[in-house]
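In: let me see the structure of the following:
(one chain, ligands or ions: 1)
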Amino acid sequence: MRTIDWRDGHIVLIDQTRLPGGVVEVAINSVEELVIAIQRLAVRGAPALGAAGALGAALAVRADPARLDRDLAALRAARPTAVNLAWGVDRALRRLAEGPDAVLAEALDVLAEDGVHNRSLGERGARWLTERLEGLVAVQTHCNAGSLACVEWGTALGVVRSLHGQGRLRHVYVDETRPLLQGARLTAWELTHLGVPHTLVVDAAGPTVLARGLADAVVVGADRIAANGDVINKIGTYPLALAAARAGVPFLVAAPESTVDPSVPSGDKVDIEVRDGAELLLWGGSRSAPSGTQALNVAFDVTPADLVTAIVTEDRVVHPARGERPA
Ligand SMILES: CSC[C@H]1O[C@H](OP(=O)(O)O)[C@H](O)[C@@H]1O
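Out: This is a model prediction of the structure:
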């Protein structure tokens, strides 16, 4: 089952806010509905947002031409940090002059390429690890960079699936990833269905997992990779990279080439999404802090290139900590 797809003239997607309780598919019939789905993280994750952008463009060009510019602007701006959303819109619109069916065909190519790219980067990342680590490998990961963050297969979890398939995976340590718990709700759900042994930890325990030598490598996804190799990813990634450096374990970023943004020279130039503080202050309808308490809900952080051991894509491996630049 794909995370997001096109069926009978509209978008269908797994509503990730309903996991791990159940798999609920929703139909998306307009750009307005898609923007809402993106903003409430019903669909999320950089490659999945790339697919959403491409399919959203296909929806937009089928609607009222008078709305096109406004709908495309709203789609691009739905979430600012992952480069893939706007990239997906622009990729589908490459064939705008040929008409709506050509735009849809280009969007469907984006979806088809995703699975191919993720399997390739997964194998490449697993090979990079097994060439450097002996025996079974324990991995620590943050947030969700699995099939739910993509159309299918996964990026960081694509590496995990390749290791598992080769019989080289010992265990996965999963950061719960507050406040929206993508690790606990989504990564743990995926690993359970894959039969991959895993242990959930609170985010603040991530550095201790590494300090105690429980994990041999950190493998995460990315939302945007700057030209100098700085990596923008879910909040909590940067401290994990610091801890990995301290523990002397590799910090691997698995992402498709579409996540590399040559137009951004360094991570400090990226628009980091700040979400509603209510996501910290409320969970399941109950308050986690007194009313009147303010919350700063920064959704992503920047891991400087010198802490990134390797970036693995479908085409190559780049070593920013050794001075190699992805763009
Ligand atoms: C494979 S990209 C996944 C990436 O996206 C997540 O952010 P969000 O759940 O807010 O879309 C997180 O940064 C993951 O690493």
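
In: C-alpha from now on. contacts and neighbour counts both.
Out: Will do.

In: could you check the longest strand seen in the chain against the ligand for contacts?
Out: Ranked by residue count under DSSP state E, the longest strand found in the chain is strand 169-175. No: if you take C-alpha under 6 Å from any ligand atom as the test, strand 169-175 misses the ligand, and the best it gets is 11.3 Å.

In: mind listing what's buried along that strand?
Out: Residues of strand 169-175 classed as buried by neighbour count (16 or more other C-alpha atoms under 10 Å): 169-175.

In: redo the residues you listed as JSON lines? Include pLDDT.
Out: Output for those, formatted as JSON lines (pLDDT from 0 to 100):
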{"residue": "169", "pLDDT": "98"}
{"residue": "170", "pLDDT": "98"}
{"residue": "171", "pLDDT": "98"}
{"residue": "172", "pLDDT": "99"}
{"residue": "173", "pLDDT": "99"}
{"residue": "174", "pLDDT": "98"}
{"residue": "175", "pLDDT": "98"}
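
In: which one of those is nearest the ligand?
Out: residue 175 (11.3 Å; C-alpha to the nearest ligand atom).

In: so how far is residue 300 from that closest one?
Out: Distance, residue 175 to residue 300, by C-alpha to C-alpha, to the nearest Å: 15 Å.

In: now residue 39
Out: Distance, residue 39 to residue 300, by C-alpha to C-alpha: 15 Å.

In: neighbour count: the two, which is higher?
Out: Using other C-alpha atoms under 10 Å as the criterion, residue 39 and residue 300 rank with residue 300 on top: 23 against 14.

In: now do the contacts for the one residue in the stretch 201-327 of the chain that gets nearest to the ligand.
Out: Using C-alpha to the nearest ligand atom, residue 234 is the residue of the stretch 201-327 of the chain that sits closest to the ligand, at 3.6 Å. If you count contacts by C-alpha atoms under 8 Å, 6 or more residues apart in numbering, residue 234 has them with 142-143, 222-223, 299-301.

In: got those as TSV, with pLDDT columns?
Out: Shown next, in TSV, are those (pLDDT from 0 to 100):
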residue	pLDDT
142	98
143	98
222	98
223	98
299	98
300	98
301	98
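
In: how about the helices in the stretch 151-300 of the chain?
Out: With DSSP state H, counting those that start in this stretch as the criterion, the stretch 151-300 of the chain has helices at 156-165, 182, 188-194, 206-211, 237-247, 278-281.

In: residues contacting the third one, please?
Out: Identification of contacts with helix 188-194 by C-alpha under 8 Å, 6+ apart yields 19-20, 146-147, 174, 197-198, 200.

In: out of these, who's the most crowded?
Out: residue 146 (27 neighbours).

In: leaving out chain neighbours, which residue sits closest to it?
Out: residue 154 (3.8 Å; C-alpha to C-alpha, 6 or more residues apart in numbering).

In: the stretch 201-327 of the chain: strands as residue ranges?
Out: 217-220, 224-226, 231-234, 251-254, 260-261, 274-275, 282-283, 286-287, 297-298, 300-303, 310-312, 317-318 (DSSP state E, counting those that start in this stretch).

In: residues in contact with whichever residue of the stretch 51-200 of the chain sits closest to the ligand?
Out: At 3.9 Å from the ligand, residue 145 is the closest residue in the stretch 51-200 of the chain, using C-alpha to the nearest ligand atom. Residue 145 makes contact with 45, 154-157, 187, 220-221 under the criterion C-alpha under 8 Å, 6+ apart.
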